[in-house]
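*Asks:* take a look and give me a structure for this.
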Amino acid sequence: MKILVVDDEPLARVRCMRLLEELGEYHCVGEAENAEQALQQIKALEPDVVLLDIEMPGMNGLSAAARISTLKNPPAVVFTTAYAEHALDAFDAQAVGYVLKPIRRDKLQHALQRASTLRQGQQMSRQVGNETPSLSQVMLRVHYSGGYRQLPLAQVLYLTALKKYVLICTEQEEILVEDSLKALHQQHPESLVRIHRNTLVVGQRIDRLERGEGGQYVVVHGLEQTLEVSRRHLASVRRFIREGVVAPP
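*Replies:* Numbering: from 1, shown residues only. Have a look, this model is predicted:
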């Protein structure tokens, strides 16, 4: 796997490259000392992963990641930084990893392994054409009291808003997160179907739409649980079941 190291501090770049050499399974194809240089290197070298510092003169790493994401075949981004408070911004920038300085070899290896897994899934998806990637390849990034987490969308059943929090129900657990329902919806609008003002369902989990005992419409999803559909969203749910078209957020 080809790695590009981006950091304005020469010693930090040297340390990253030495750790990559120690790990053995990754090849550092280049280095850059600022974001503009990094963008040029990405186009020239086509790395699989960019180890990207956040605090740099000029364009910072978060802005650079936003630019990188617009490329035709963007590399995965793993942020490297000395500032833990950037973690939430890093996940908002769709980074696949976040490693605090001073970088430890095991933490770097874990982040790169995750990047490799996601990269392989993206490549497989491209090989079979422009099909929608499987849910197992799609991650929902969440913020909760214990920190930050990425959930495979394949494990999620539905999301429901509870005052200041959102409850995410998965096959194994229920997770109370601090993100807004709107922000979570915007991460994957092509996969999440709004059935109520306060509820989103993973579209591929919906089995059927039927009338409940009280006359209201409900959707039945993967575990035979029913969820009420509001009148406002009934037409869009019907269209999704009929045509597979998801209404925009």
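*Asks:* quick one: least confident helix or strand in this structure?
*Replies:* Lowest by mean pLDDT, DSSP states H and E among the helices and strands of the chain is helix 87-92, with a mean of 56.
*Asks:* next SSE after that one?
*Replies:* Downstream of helix 87-92, the next assigned helix or strand under DSSP states H and E is strand 97-100.
*Asks:* list the buried residues for that following strand?
*Replies:* Neighbour-count burial for strand 97-100, counted by 16 or more other CB atoms under 10 Å, picks out 97-99. For every residue, glycine as well, the C-beta is placed using N, CA and C.
*Asks:* in TSV: those, plus pLDDT and distance to S63.
*Replies:* Formatted as TSV, the buried residues of strand 97-100 follow (pLDDT from 0 to 100; distance: CB to CB, whole Å):
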residue	pLDDT	distance to S63
G97	74	18
Y98	80	16
V99	87	19
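*Asks:* nearest to S180, of those residues?
*Replies:* Within those, proximity to S180 (CB to CB) peaks at Y98, which comes in at 21.2 Å.
*Asks:* that closest one reaches Y83, doesn't it?
*Replies:* No: in this structure Y98 lies outside contact range of Y83 using CB atoms under 8 Å: 10.6 Å.
*Asks:* point out where the chain drops to low pLDDT.
*Replies:* The model of the chain has pLDDT under 70 over residues 84-95, 118-137, 146, 215-216, 220-224.
*Asks:* center of it - which residue?
*Replies:* With distances taken as CA atoms, centre = their mean, M139 lies nearest the centre of the chain, 4.4 Å away.
*Asks:* can you map out the helices along the protein?
*Replies:* Using DSSP state H, the helices found in the chain span residues 10-23, 35-45, 61-68, 87-92, 105-127, 181-187, 231-243.
*Asks:* could the ones you listed go into TSV alongside distance to T160 and mean neighbour count?
*Replies:* Below are the helices of the chain laid out as TSV (distance: least, CB to CB, whole Å; neighbours: other CB atoms under 10 Å):
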stretch	distance to T160	mean neighbour count
helix 10-23	42	16
helix 35-45	39	17
helix 61-68	30	20
helix 87-92	21	19
helix 105-127	27	16
helix 181-187	8	17
helix 231-243	14	14
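*Asks:* okay, domains of this protein per the record?
*Replies:* 2-127, 135-243 (automatic domain parsing).
*Asks:* mind checking these for the one nearest to P249?
*Replies:* It's domain 135-243; of these, that one is closest to P249 (CB to CB) at 4.8 Å.
*Asks:* please convert the domains of the chain to CSV, extending it with distance to P249.
*Replies:* CSV is the format used below for the domains of the chain (distance: least, CB to CB, whole Å):
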stretch, distance to P249
domain 2-127, 16
domain 135-243, 5
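*Asks:* returning to what we had before: any idea which of the helices of the chain gets closest to T170?
*Replies:* Nearest to T170, of these and by CB to CB, is helix 181-187 at 13.3 Å.
*Asks:* what separates the closest one from the chain centre, distance-wise?
*Replies:* 12 Å (CA atoms, centre = their mean, to the nearest Å).
*Asks:* what helices or strands is it leaning on?
*Replies:* strand 139-144, strand 156-162, strand 192-196, strand 199-202 (3 or more CB pairs under 8 Å, 6 or more residues apart in numbering; DSSP states H and E).
*Asks:* adding distance to I42, write the ones you listed out as TSV.
*Replies:* TSV is the format used below for those (distance: least, CB to CB, whole Å):
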stretch	distance to I42
strand 139-144	22
strand 156-162	32
strand 192-196	30
strand 199-202	33
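*Asks:* nearest to R105 among those strands would be which one?
*Replies:* Nearest to R105, of the helices and strands packed on helix 181-187 and by CB to CB, is strand 139-144 at 24.3 Å.
*Asks:* could you pull up the contacting residues of L234?
*Replies:* Neighbouring residues of L234 by CB atoms under 8 Å, 6 or more residues apart in numbering: Y217.
*Asks:* circling back: and of the helices and strands packed on helix 181-187, who's closest to S69?
*Replies:* strand 139-144 (13.7 Å).
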